[in-house]
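> let's see this in three dimensions:
(one chain, ligands or ions: 1)
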Amino acid sequence: MLAGAGILIWKNSYQQSAFQNKVNQAQTKLTAQQGEVTVELAGYAFKPDIIKVKKGTKVTWINHDNSTHTVTSDQGSDINSQPLKQGDQYQKVFDTPGIYRYHCEPHPNMIAAVIVEE
Ligand SMILES: [Cu+2]
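Numbers count the residues shown, from 1 in each chain. Predicted coordinates for the structure are as follows:
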């Protein structure tokens, strides 16, 4: 049982560091969008999982799964949705540049990020 937990923690930290690399690459590769941007929750994933936006952009998350998801900051509470049922939406305007990592509370393997630039 302990070994199982160890493997789970290892898998999780591997996923986290692989994702951080992806975020770092996205910072240079992606062009910042502005206005309104939509992220779909579908198939137990955020699509797209990384977006880059100009500050002042409104991001809308829409849950298309029939499973309940959340949109929840990894640290702090900048991104903090209610549980979203199928068809529910959550919106947030990002006014401060930075990297906002987030996840789904019931499904911690669902990880994503919003990169906000000046
Ligand atoms: Cu979920």
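> the protein: strands as residue ranges?
36-41, 46-47, 50-54, 57-63, 72-73, 89-94, 98-103, 111-117 (DSSP state E).
> for the protein, name the helix or strand with the lowest mean pLDDT.
Least confident helix or strand, the chain: helix 2-29 with a mean of 85, by mean pLDDT, DSSP states H and E.
> show me which residues of that helix are buried.
The neighbour-count check on helix 2-29 (16 or more other C-beta atoms under 10 Å) flags 19, 23, 26 as buried. In short, each C-beta sits where N, CA and C put it, glycine included.
> just to revisit the earlier point, let's have the strands of the chain in a markdown table, adding mean neighbour count and distance to the ion.
Output for these, formatted as a markdown table (neighbours: other C-beta atoms under 10 Å; distance: least, C-beta to the ion, whole Å):
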| stretch | mean neighbour count | distance to the ion |
| --- | --- | --- |
| strand 36-41 | 18 | 7 |
| strand 46-47 | 17 | 9 |
| strand 50-54 | 20 | 17 |
| strand 57-63 | 19 | 8 |
| strand 72-73 | 17 | 9 |
| strand 89-94 | 16 | 12 |
| strand 98-103 | 19 | 8 |
| strand 111-117 | 22 | 11 |
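> the ones you listed into JSON lines, with extra columns for distance to Pro83 and mean pLDDT?
As requested, those are arranged in JSON lines below (distance: least, C-beta to C-beta, whole Å; pLDDT from 0 to 100):
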{"stretch": "strand 36-41", "distance to Pro83": "12", "mean pLDDT": "98"}
{"stretch": "strand 46-47", "distance to Pro83": "15", "mean pLDDT": "98"}
{"stretch": "strand 50-54", "distance to Pro83": "22", "mean pLDDT": "98"}
{"stretch": "strand 57-63", "distance to Pro83": "9", "mean pLDDT": "98"}
{"stretch": "strand 72-73", "distance to Pro83": "10", "mean pLDDT": "98"}
{"stretch": "strand 89-94", "distance to Pro83": "10", "mean pLDDT": "98"}
{"stretch": "strand 98-103", "distance to Pro83": "14", "mean pLDDT": "97"}
{"stretch": "strand 111-117", "distance to Pro83": "17", "mean pLDDT": "98"}
